[in-house]
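>>> Got a predicted structure plus its sequence, pasted below:
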Amino acid sequence: MDKLLEIKNASFSYDVNKNIFEDINFHVSNGDVFCILGPNRTGKTTLLKSLNGLHDLTEGEIILNGKFLKSMKFREIARSIGYIPQGHVPTFPFCN
């Protein structure tokens, strides 16, 4: 099976003194079902934002469809990965 998404030695920090997550390694292949579970404030959302190119990793690399995520444009990433945030404020109100 080909790897669609691969994360190698991923770490992220907003502050140099505290990692949000560190040394994350996994891959997702065609047909896989993958779930990220954990307590609040452990970096799940930050990891997902990193997978979409919204955050740059402090260390490590993300490979999407055989290409390094850092070298890809947002449009190219969006063709393979979708992201719906936990909370969303619509631009236009749809209800009265």
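Right, received. Where do you want to start? What you are looking at is a predicted structure, and each value in this text was computed from that prediction instead of being measured. Numbering: from 1, shown residues only.

>>> switch to C-alpha atoms for all contacts and neighbour counts from now on
Will do.

>>> can I assume residue 35 sits in a helix?
No: secondary structure of residue 35 (DSSP: H, G, I helix; E, B strand; the rest coil): coil, not part of a helix.

>>> What's the local residue count around it?
By the criterion of other CA atoms under 10 Å, residue 35 has 5 neighbours.

>>> Enumerate every residue touching it.
Contacts for residue 35 (CA atoms under 8 Å, 6 or more residues apart in numbering) come out as none.

>>> so what's residue 64 bridging to?
residue 5, residue 67 (DSSP bridges).

>>> Please name the spatially closest residue to residue 62 (chain neighbours excluded).
residue 7 (4.7 Å; CA to CA, 6 or more residues apart in numbering).

>>> I'd like to know which elements the strand or helix carrying that neighbour is packed against.
Secondary-structure assignment from DSSP states H and E places residue 7 in strand 3-12. Under the contact criterion of 3 or more CA pairs under 8 Å, 6 or more residues apart in numbering; DSSP states H and E, strand 3-12 touches strand 21-29, strand 59-64.

>>> Kindly provide the distance from the residue nearest to residue 26 when sequence neighbours are not counted to residue 29.
Sequence neighbours aside, residue 7 is the residue nearest to residue 26 in space, at 5.4 Å (criterion: CA to CA, 6+ apart). According to CA to CA, to the nearest Å, residue 7 stands 12 Å off from residue 29.

>>> which one of those two has more residues nearby?
Higher neighbour count among residue 7 and residue 29: residue 7, with 17 against 14, using other CA under 10 Å.

>>> Report the contact partners of the nearest residue to residue 42 once chain neighbours are set aside.
Spatial nearest neighbour of residue 42, chain neighbours left out: residue 20 (6.7 Å); criterion: CA to CA, 6+ apart. Counting by CA under 8 Å, 6+ apart, residue 20 makes contact with 11, 12, 13, 14, 42, 43, 46.
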